[in-house]
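pasting the sequence and the predicted coordinates here, then a few questions.
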Amino acid sequence: MRLVKFLTLCVAMSRNQGKFFIRKGRVSVDGKVTIDPDFELLDGSRVFYDGKHIAIKEHQYIVLNKPPHYACITEDKEYPSVLNLIKDQATDRTYYFANTLGPLETGLVLLSNDIRWTSRLNLRLQKKSCIYNITLANDINEDHIKNLREIWLAFPRNKMPETFDIQKQSKNTLLIRISQARSAEMLAALSSIDFTIKQLQLQQLGKMGIGELAEGDYLQAKENEVQI
């Protein structure tokens, strides 16, 4: 394994940061400072960063069914963090979110203590569609759906792929498929026709859904198992 890859697997930093710190002489291998980021490590090599021995730690990749009244940040004054739901979280690493939901929203949230993974996934999600199940306090009729489509079409277009489909599931429930990047506009459209939202659940991101995962529960996956 190359030294720069090993460093970024042990310490939360980008590949470019790793190369910079190695060239600055902050990394040593078996007692010798090594300034070549592409230096090939041998099995059993001992690597030190700023004088401290480092070793590869397993990252956590978490699929969570977020309940209401939790915040998708590490700390919040009004709501508890969703990290409080993760019983076996690593205490020596920071967690990052590939997507976030508002405190009153529920559904699929992807997070990890691997910053590179969450950053890449966040960029990919902007181009994916998502499915929301929305329960309203109002009964829905065909005029409501027609108005919602017209309001949506009135929003300025951008270069993102267009995805928008709306289906009435019951007298007060809608299923909306929309591009992840434009979900905030969808909420604005609902508010503009005086819909009162009782529950908004993100059921699916791209190809990945919450399945049978109960609200408030989570599962740990391998990096390659999170397919969107």
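Nice, thanks for sending it over.

phi first, then psi, for Gly31.
phi 90, psi 0 (degrees, to the nearest 10).

by mean pLDDT, which helix or strand of this structure comes out lowest?
helix 183-192 (a mean of 81; mean pLDDT, DSSP states H and E).

and the next element down the chain from that one?
strand 197-205 (DSSP states H and E).

need the residue closest to the centroid of this structure.
Nearest to the mean C-alpha position of the chain, counting by C-alpha atoms, centre = their mean, stands Ala98 at 1.8 Å.

can you pull the contacts of that residue?
Leu110, Leu111, Ser112, Trp117, Thr118, Leu121, Asn122, Leu125 (C-beta atoms under 8 Å, 6 or more residues apart in numbering). Every residue, glycine included, has its C-beta placed from N, CA and C.

from the residues you listed, which land in strands?
Among the contacts of Ala98, the ones falling in strands (DSSP state E) are Leu110, Leu111, Ser112.

which of those residues tops the neighbour count?
Leu111 (26 neighbours; other C-beta atoms under 10 Å).

how about the contacts made by that residue?
Taking C-beta under 8 Å, 6+ apart as the definition, contacts of Leu111 comprise Ile62, Leu64, Cys72, Val82, Tyr95, Tyr96, Phe97, Ala98, Thr118.

how close does the second one sit to Asn99?
What that stands for is Leu64. Distance, Leu64 to Asn99, using C-beta to C-beta, to the nearest Å: 10 Å.

now swap in the first one and tell me
For Ile62, the distance to Asn99 equals 12 Å [C-beta to C-beta].

do the same with Leu9
24 Å.

closest one of the contacts of Ala98 to Asn141?
Leu125 (32.9 Å; C-beta to C-beta).

surely that closest one and Phe97 touch.
No - assessed by C-beta atoms under 8 Å, Leu125 is found out of contact with Phe97, at 10.7 Å.

list the residues that contact both of Ile62 and Asn99?
With C-beta under 8 Å, 6+ apart as the test, Ile62 and Asn99 both reach Leu110.

how far away is the closest residue to Ala181 other than its chain neighbours from Gln180?
The shortest distance from Ala181 to any non-neighbouring residue, by C-beta to C-beta, 6 or more residues apart in numbering, is to Gln126 (4.5 Å). As judged by C-beta to C-beta, Gln126 and Gln180 stand 6 Å apart.

could you do Tyr95 as well?
Taking C-beta to C-beta, one finds Tyr95 at 20 Å from Gln180.

still on that earlier bit, more neighbours: Leu9 and Asn99, which one.
Asn99 (22 against 18).

having no further points to raise, I will conclude here.
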